[in-house]
Structures are given as structure tokens and as C-alpha cells.
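>>> Mind looking at a prediction? Sequence and model below.
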Amino acid sequence: MFGPRFTPWLLLAAIGAPAAPTRAQVEDDRISLAMDADGLPLREFMRLAQLLGGITVTTEVPGAEARVIEPIQPVQMDRDQFVQLFEAVVYRIGLACARPNENDPSKIELAELADDAVRMPQTSGSRFIWPNELRGKHGTGPVFTSVRVSSLTASRAAAMLTSRGLDDCTVAAASNAVLVQGPHDRVAAAAHYVQYVDLPTEGPMEKVASGFTFVEGPAWDPHRHVLLFSDIPKNQILELGEKDRVRTFLEPSHGSNGLMFDTDGNLFACCGYSRELVRIAPDGSRTVLASRFDEKLLNSPNDLALDDHGGIYFTDPRYGNADNVEQDKMCVYYVDRDGNLTRVIDSLQRPNGIVVSNDGRTIVVAEPNKREIWSYPIRKPGVVDRGTRMFVSEKSIDGGGPDGMAYDVDGNLYATYGNLLVLAPDGRVIRRIRVPEKPANCTFGGRDNKTLFVTARTSLYRMPSEIAGAPLRRRVQKR
């Protein structure tokens, strides 16, 4: 094995050679890596070497089957320099990683990335690879990763990182990618942000109906196979039925905003004008579930989410005139299946959209005053632990928000900003969908639950989805 100083060599498979599993071998003074030939262009390796300390490389082609990269003259690098160079190369191609040996930190071992890498779906040529095990875990030096980009330049990425407070991370250009370097506890956030900024925009969506005033709260009726949604200023709940015909389902709606069905066909509604949370049964009977907290009227219930225990989380902000507000804060509440109301979250400025995760362990709340999405672990029904900020948008790209949100069956979160953003369970933005008007809320529906509906100002939009929406929750009877 090599000591603290050594000479690196890398052997790359020839262009046009059949793809083969990655093979890595370490000898006394030679490191060989066999890999897919189109994984890393030679010119890019040379650029990486120069970025990492002015290392000069040249090429020899001893035969048609292999390409050898070696220094023009012997170049000695210490262990940290080599690890940085090797990591930059293998992260770029996403095949293997170098890391210190657990038993002897002075030695480096090579490992495949098959089991310890997270690979994002292919999106217009962009791919992001982030190994879970980083060299920074074993040391204090900088860490490299790479993000394939479609249009973002390195200078633009650097400026965006600085504006985001990630100015301790640096960015360098590479072929169809940018390399991000920084402290091991910061570079992941920086790389995720670069990928988010560069993400291409899909769409637009199909306009289904228009001519409304301000539409919100789409909800799919699982029994009648129709979509309900609110037109708040007109004090109506509207219904999209067969052949895309729209009719009035309920008027007056008491200023209904967020709507949601359970599996039994009960409709739950946040009514801002009457300042109530209500349930409307399939027979049309109306039951008030919450209207006061601490003997004071609620502000204006806005959005809601059912849990698996028969309870409902709902947000209670106030928009517009606040002369008759009685509550001291804008909060998130929980009403259990027996009708008991508790205040759950009081730390947000103006909570708006709200959803419960598919596994029922987390509530996610929109904070539009700061363009943030917050996540709160549920300790027990109606009680949450300290929240963490899950995401904050870039206003210059995605405008204000978020408002309403929805989950698909895979746990991806759809959030209405200026565009419709899709977040993976770990908070990475994986899709950006353009809506012709600023969206306010979204939900899944259709007989197979694979149609995404979006309410946006004066119109209702939709698009087919390859992934089904999260299933509705069932009603739990009172004790």
C-alpha cells in the first residue's frame, strides 16, 4: 500500500468499448480504475486536475482498448490531495468512491456506489448523485459533488449560492455539470439548491374550465367521481362533472376554502366567512366541528388534513380585514374525533396549506409569508414535536407561496408556488410544472386517482400523472 505521498495513475476504458462493471485496483504506486468510457471525457479529467492544484496530465493510447492518463512528469501528491481529485472524478461519473480505510485511516480504499448512492430520476438530461458516505465524515477537509445542469452556468450558480447564504461553498464548471465544493455538512444543501435552480419547467397544464373569481380547495368525491372546488368571493362550492360540465354544488358556502373528502364520502370544509370547520354528510346535513378556541371565534379556517385517528388538522390564518379578529395568533389546530379542539402550532406567522404524510407520522405546513414549508413529527394525535424547515423557494424563479399542497402515493409533495413544485420526501425539488395562472391548491382525482387538478385564480387546470395520488383517509367514528 502507499504511504502519505505517492504517484496516482488512472486507467480509463477506451471509447467504444463495451460497458462493464467498474473495477478498481490499488497497488504500491499505481491506482487503476476501469469504467464506462463515456462516463468522463478526457478533457474534463484534465480540467478537474487543474482545478485541484494545477496538476498537469497528458495521454497515451497504447492500444485500441485502453486509454492511460498519467502526469507528464512524476507528480507527488499527499493523501488529501489525491482523495479530493479521485472523489471529484468518481462523483462526476457516479461509479465508485474513495474513502479512508476504517482500520487504518492512512490508507484509502475504493468502494462501489451501487448501494450507498441516491440517484434522482432522469430529468431532461439532468442527474444528481449524492453518496451517503463522504470523506468529510472521516475528516475536516472539503468535499466535492457534482450536479448535471441543462442551462445553469457556474458563475450563476455561485451567485445563487451566495444569495442563499451558502457562500462557503465554491462552484466550478465542468462539461454539462457544475462541481460544488465545500464543508461536508454544507455541500449537500448547496448541491440540492443548484439542482433546484437549474430544474427545467414542464407544462403548461390543460385548462378545464375558466371564468371564476378566485378558486381554491379542489377535492375528489370517491363515490360520485366528481371534483368539487371553492370559488371564495362568489361564496360557492362548484362541481366538475361528466363532460367537464361545471355546476353549483352549494351556495352559500359560508366562504368555503379548503375542502377534503374521506372514504365514506363526507365532505369537510374550512369556511372562512362563518369562521368554522364543518362536515357535510352525503345526505347534505351540515355539522360544525370547530368554531371557537378558548371561547373566542377562530380567525378564518383555511386548509385541512385528515389523520388516521378520526381527527383533523387545520390552519387558521386571516387575510384581508382583521378588525374582528379575536384570536391572539394565527395557528394550526387539531379537532379529535370526539370534538375536542387543541392548538397545535403557534410559531408560524401565517400558516396556510397543510397535509398529513402518507404514513401518518408527520404534518407539513405552508408558511407563505417566508416562502417556506415546515415539517413537524407527530408525537401523538394533536401533539407535534419541534418543526424543521423542509424547503424555501427562490422568489425570482418560483414567485410567492406556498399555498395548498398534496401528496402522491410515493410520498412526493406537490406545492403551489408561482409554479407547481414537486418535492421528494427528503425535500429535494424534482419537478417544476408551469401553470398559466398562479396556482392556489391542488389534489389528485379521477377514477384511477392519476389526474392532478390545480385551482389557479380564475381557472381550473389538470394534467395526467404516472403516479397516483395518496389515498383518502377513512372516517373513524366517535368513541
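In hand now; what should we look at? As the structure is a computational prediction, the values presented were derived from the model and not from experiment. Residues are numbered from 1 along each chain as shown.
>>> Within its sheet, name the partner strands of the lengthiest strand in the chain and how each one runs.
Counting residues, the longest strand found in the chain (DSSP state E) is strand 372-380. Using DSSP bridges, the strands paired with strand 372-380 in its sheet are strand 362-367 (antiparallel), strand 383-384 (antiparallel), strand 388-392 (antiparallel).
>>> List the buried residues of that strand.
Within strand 372-380, the residues that count as buried by 16 or more other Cβ atoms under 10 Å are 372-376, 378. Quick note: C-beta positions are derived from backbone N, CA and C, even for glycine.
>>> Adding distance to residue 327 and pLDDT, write these out as TSV.
Output for these, formatted as TSV (distance: Cβ to Cβ, whole Å; pLDDT from 0 to 100):
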residue	distance to residue 327	pLDDT
372	22	97
373	23	97
374	20	98
375	24	97
376	20	98
378	23	98
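>>> with the residues you listed in mind, which one is nearest to residue 249?
residue 373 (30.2 Å; Cβ to Cβ).
>>> Touching, that closest one and residue 364? I think so.
Yes: if you go by Cβ atoms under 8 Å, residue 373 and residue 364 touch, sitting 6.2 Å apart.
>>> joint contacts of these two?
Residues touching both residue 373 and residue 364 by Cβ atoms under 8 Å, 6 or more residues apart in numbering: 390, 405, 413.
>>> most neighbours, which of those residues?
When neighbours are taken as other Cβ atoms under 10 Å, the top entry among those is residue 405 (26 neighbours).
>>> where's it relative to residue 356, distance?
Remark: distance between residue 405 and residue 356 (Cβ to Cβ, to the nearest Å) = 11 Å.
>>> and for these two, which residues touch both?
Common neighbours of residue 405 and residue 356 (Cβ under 8 Å, 6+ apart) are residue 364.
>>> which stretches of this structure have low pLDDT?
Along the chain, segments meeting pLDDT under 70 span 1-148, 172-179, 181, 184-185, 475-479.
>>> Outline the domain layout of it.
Following automatic domain parsing, the chain resolves into domains at 1-115, 117-199, 206-464.
>>> Let me see the contact set for residue 431.
Residues in contact with residue 431, defined by Cβ under 8 Å, 6+ apart, are 123, 199, 202, 421-422.
>>> ok, of these, which one's closest to residue 171?
residue 199 (16.6 Å).
>>> which non-adjacent residue is nearest the closest one?
Excluding the flanking residues, the one nearest residue 199 by Cβ to Cβ, 6 or more residues apart in numbering is residue 432, at 4.9 Å.
>>> surely the one you found meets residue 417?
No: between residue 432 and residue 417 there is no contact under Cβ under 8 Å: 9.0 Å.
>>> what's the overlap in contacts for the two?
Counting by Cβ under 8 Å, 6+ apart, the contacts common to residue 432 and residue 417 are residue 398.
>>> Looking at these two, which one has more neighbours?
Set residue 432 next to residue 417 and count neighbours by other Cβ under 10 Å: residue 417 wins out with 25 against 20.
>>> How about that one: what's its closest non-neighbour residue?
For residue 417, ignoring the flanking residues on the chain, the nearest one in space by Cβ to Cβ, 6+ apart is residue 401 at 3.6 Å.
>>> wait, is that neighbour part of a helix?
No: going by DSSP: H, G, I helix; E, B strand; the rest coil, the assignment for residue 401 is coil, not a helix.
>>> need the contact list for it.
366, 368, 371, 393, 415-418.
>>> hmm, 7 Å instead?
368, 371, 393, 416-418 (Cβ atoms under 7 Å, 6 or more residues apart in numbering).
>>> Tell me which of the residues you listed fall in strands.
residue 416.
>>> Distance to residue 268 for the contacts of residue 401 - can I get that in a markdown table?
Shown next, in a markdown table, are the contacts of residue 401 (distance: Cβ to Cβ, whole Å):
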| residue | distance to residue 268 |
| --- | --- |
| 368 | 22 |
| 371 | 27 |
| 393 | 28 |
| 416 | 20 |
| 417 | 25 |
| 418 | 28 |
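>>> Just read off the phi/psi values of the closest residue in space to residue 422 that isn't next to it in sequence.
Leaving out its chain neighbours, the residue that sits closest to residue 422 by Cβ to Cβ, 6+ apart is residue 431, at 3.8 Å. In terms of degrees, to the nearest 10, the main-chain angles of residue 431 are phi -150, psi 150.
>>> number of nearby residues for residue 320?
Applying other Cβ under 10 Å, we find 7 residues neighbouring residue 320.
>>> before we move on, back to that, from the strands paired with strand 372-380, which stretch is densest packed?
strand 362-367 (a mean of 24; mean count of other Cβ atoms under 10 Å).
>>> Using CSV, write out the CA atom coordinates for that one.
Extracted in CSV, the C-alpha atoms of strand 362-367 (Å, rounded to 0.1, in the frame of the first residue of the first chain):
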residue,chain,number,x,y,z
THR,A,362,-45.8,14.0,10.1
ILE,A,363,-47.7,17.1,9.3
VAL,A,364,-46.4,19.5,6.7
VAL,A,365,-47.4,23.2,6.8
ALA,A,366,-47.0,26.0,4.3
GLU,A,367,-45.6,29.4,5.6
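>>> Contacts made by it with the rest, please.
In this structure, residues lying in contact with strand 362-367 by Cβ under 7 Å, 6+ apart are 305, 313, 315, 332, 345, 348-349, 351-357, 373-378, 384, 390, 402-403, 405, 413.
>>> any idea how far residue 420 lies from residue 434?
Counting by Cβ to Cβ, the gap from residue 420 to residue 434 is 8 Å.
>>> Which residue of those two possesses the greater neighbour count?
Comparing residue 420 with residue 434 by other Cβ under 10 Å, the one with more neighbours is residue 420, at 29 against 13.
>>> Report the beta-bridge partners for residue 278.
residue 269, residue 288.
>>> That one contacts residue 288, doesn't it?
Yes: in this structure, residue 278 is within contact of residue 288 by Cβ atoms under 7 Å, at 5.4 Å.
>>> More neighbours: those two, which one.
Legend: neighbour count by other Cβ under 10 Å for residue 278 and residue 288, higher for residue 278 (20 against 13).
>>> residues contacting that one?
Here residue 278 is in contact with 269, 271, 286-289 (Cβ under 7 Å, 6+ apart).
>>> one more time with 10 Å, if that's ok
If a contact means Cβ atoms under 10 Å, 6 or more residues apart in numbering, then residue 278 has 253-254, 256, 267-271, 286-291, 301 as its contacts.
>>> now swap in residue 212 and tell me
Counted by Cβ under 10 Å, 6+ apart, residue 212 has contacts 229-234, 236, 238, 246, 455-460.
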